[in-house]
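J.: got a structure for you, letters missing:
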């Protein structure tokens, strides 16, 4: 995997999230006439974060097609556990039927009994959308 590139993407995403947190703090403190400008900057930062997260997932998905996963069984079990919890009691930001349907499709791929764990993991990594990485944050 392009570890350096992945680390760089993670670093950039974290920097953007720090900037976003700062803008949110500013939004609380500023005069009302400045709110529109700060809200626009917040939306711009969110777009940048989504762009870099998509790029990160694309890199992970493309590299996973060539990678071997010696701990695939454990990884699949952990992902299934998390997705089951999310789809059973979805957080507010995932309450839309479309998102839940997508997560259920990923869960179904991971639960296929006839496939090897590594194949399940590779198939699911290519379908996991970038927003899923935001769940734990």
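T.: Arrived safely. If you're wondering where the values come from, they're calculated on a predicted model, not measured in any experiment. Numbers count the residues shown, from 1 in each chain.

J.: Now do the longest helix anywhere in the chain: which elements does it pack against?
T.: Determined from DSSP state H, the single longest helix within the chain is helix 35-64. Counting contacts by 3 or more C-beta pairs under 8 Å, 6 or more residues apart in numbering; DSSP states H and E, helix 35-64 is packed against helix 3-29, helix 117-125. C-beta coordinates here come from the backbone N, C-alpha and C atoms, glycine included.

J.: worst average pLDDT in these?
T.: If those are sorted by mean pLDDT, helix 117-125 sits at the bottom with a mean of 65.

J.: still on that earlier bit, ok and the longest helix of the chain relative to helix 3-29, angle-wise?
T.: 160 degrees (axes from the mean of the first three to the mean of the last three C-alpha atoms, to 10 degrees).

J.: Show me what secondary structure element comes after helix 35-64.
T.: Next along the chain after helix 35-64, taking DSSP states H and E as the criterion, comes helix 72-88.

J.: between the helices and strands packed on helix 35-64, which gets nearest to residue 105?
T.: Residue 105 sits nearest to helix 117-125 of all these, at 9.4 Å, using C-beta to C-beta.

J.: Can you find the helix or strand of this structure with the lowest average pLDDT?
T.: The helix or strand of the chain with the poorest confidence is helix 117-125; it has a mean of 65 (mean pLDDT, DSSP states H and E).

J.: Please consider this matter closed, and thank you.
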